[in-house]
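**Q** Fold the following for me, if possible:
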Amino acid sequence: PDLEEIVRSVNPERRALAVRKLGELFAQGAAHFNPQHVALFDGILKGLLSQADADVRAALAGQLAALVNAPPLVVRELVFDAEIKVAGPLLRASPLIDEPTLIEIARMRGQPHLLAISQRVIVPEGVTDVLLRRGERDVVRSVANNAGALFSTQGYKTLVQRSADDGMLAVAVGQRDDLPTPLLQQLLSESADIVRRKLFQTANPARRAAIAR
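**A** Modelled structure (predicted):
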């Protein structure tokens, strides 16, 4: 009954409490809500978020990150947040974030946001191209170690080039089953002996045979 009054209220404590309670309510009942319910939560929460602080927004992002029917307008606002503690949970896990949105965020945000994107279950080629172009060492290593990351031909060439002075990255790239054989040859030829031995020791049988050849 007090919801409209809370939305109009300038009291930050009441707004924070409302966001937390509504987030909990949505997370608990998400499986049973129809599109009209979702739209109702979307409108109310978006109004409350306009003056919510980063901790409140981060808590809500965490509650919504894994939900396939999370309020879409709220998710979009949170995922574009400059604070990584707000955007991070959604960038890592939300199924509502499509490839164009990931590319847009990867082009405009800093390394913590790029690292979060690199940890998604699936990272499309168009996204990894941007991560490899803008990402620093931790981001590139993370996406190279992600079995769900997909790479274009140019993306793999970039990985091999960046592996020349990064032994840990070289091992991660060399262990990928989808690395084309010519690029595996290039990677091995440009790696130090210790890296080649490490690759051979940690590879699966099929990859080990290719390395031996």
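**Q** what's in contact with stretch 206-213?
**A** Residues outside stretch 206-213 that contact it (Cβ atoms under 8 Å, 6 or more residues apart in numbering): 174, 175, 177, 181, 184, 188, 196, 199, 200, 203. All C-beta spots, glycine's among them, are computed from the backbone N, C-alpha and C.
**Q** Leaving out chain neighbours, which residue sits closest to residue 145?
**A** residue 172 (4.8 Å; Cβ to Cβ, 6 or more residues apart in numbering).
**Q** so how many other residues sit close to residue 125?
**A** Using other Cβ atoms under 10 Å, the number of residues around residue 125 comes to 14.
**Q** Over to residue 41?
**A** Applying other Cβ under 10 Å, I find that residue 41 has 22 neighbouring residues.
**Q** what's the helix or strand for residue 146?
**A** Using DSSP states H and E, residue 146 sits in no helix or strand.
**Q** distance of residue 47 from residue 96?
**A** Look at residue 47 and residue 96: by Cβ to Cβ, to the nearest Å, they are 20 Å apart.
**Q** no, scratch that, I was asking about residue 49
**A** Per Cβ to Cβ, residue 49 is found 16 Å from residue 96.
**Q** So which of the contacts of stretch 206-213 is the closest to residue 30?
**A** residue 177 (35.9 Å; Cβ to Cβ).
**Q** and that closest one, how many residues sit next to it?
**A** Residue 177: 10 neighbours (other Cβ under 10 Å).
**Q** What sits closest to it if chain neighbours are left out?
**A** The nearest residue in space to residue 177 (Cβ to Cβ, 6+ apart) is residue 207, at 6.5 Å.
**Q** Check which residues of stretch 43-60 are buried.
**A** The neighbour-count check on stretch 43-60 (16 or more other Cβ atoms under 10 Å) flags 44, 45, 48, 49, 52, 56, 57, 58, 59, 60 as buried.
**Q** That'll do, ta.
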